[in-house]
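Peer 1: coords below, sequence missing:
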């Protein structure tokens, strides 16, 4: 019987899926927002169009959800996508440190745990190749 992923890897995949769901919800909000633009959007990296942010949030959210699912399936490629997502998440959490110190530290801590789980406790799925009988002469 094949053994599933470790508890650490399950934790990392749940965090990635949850982050993806939150990003999708952000995109739905951005698509449906009809009021005044949020303050400081003038200096935003992606411009002043909220639809642009919504599309980016949607793409990132779907990618995070897929990453979490494929990490559960022990995909080596998506393991490294998850590590990159954890690093980017930790760095983005550190930016908010002066404004929300406790929540930023929690965010950075969870990102560190995701990276730790995917680097230290990840075991790729084993592929079992059927034994082939090679005729001997």
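Peer 2: Nice, thanks for sending it over. The model shown is predicted, which means the values in this text are computed figures rather than measured ones. Numbering: from 1, shown residues only.

Peer 1: mind checking how far stretch 110-130 is from the chain centre?
Peer 2: 14 Å (C-alpha atoms, centre = their mean, to the nearest Å).

Peer 1: Show me where the chain has its helices.
Peer 2: Along the chain, counting by DSSP state H, helices occupy 7-32, 50-72, 76-95, 101-120.

Peer 1: Run a quick neighbour tally on the nearest residue in space to residue 112 that is not next to it in sequence.
Peer 2: Computed as C-beta to C-beta, 6 or more residues apart in numbering, the closest residue to residue 112 that is not its neighbour in sequence is residue 90, at 6.1 Å. (Each C-beta comes from the backbone N, C-alpha and C, glycine too.) Counted with other C-beta atoms under 10 Å, residues neighbouring residue 90 total 19.

Peer 1: Could you do residue 7 as well?
Peer 2: When neighbours are counted by other C-beta under 10 Å, residue 7 comes out with 10.

Peer 1: low-scoring stretches of this protein, by residue?
Peer 2: Scanning the chain with the threshold set as pLDDT under 70 gives 1-2, 38-43, 127-137.

Peer 1: close enough to count as contact, the residue nearest to residue 112 and residue 108?
Peer 2: Yes: Residue 90 is within contact range of residue 108, at 4.9 Å (criterion: C-beta atoms under 8 Å).
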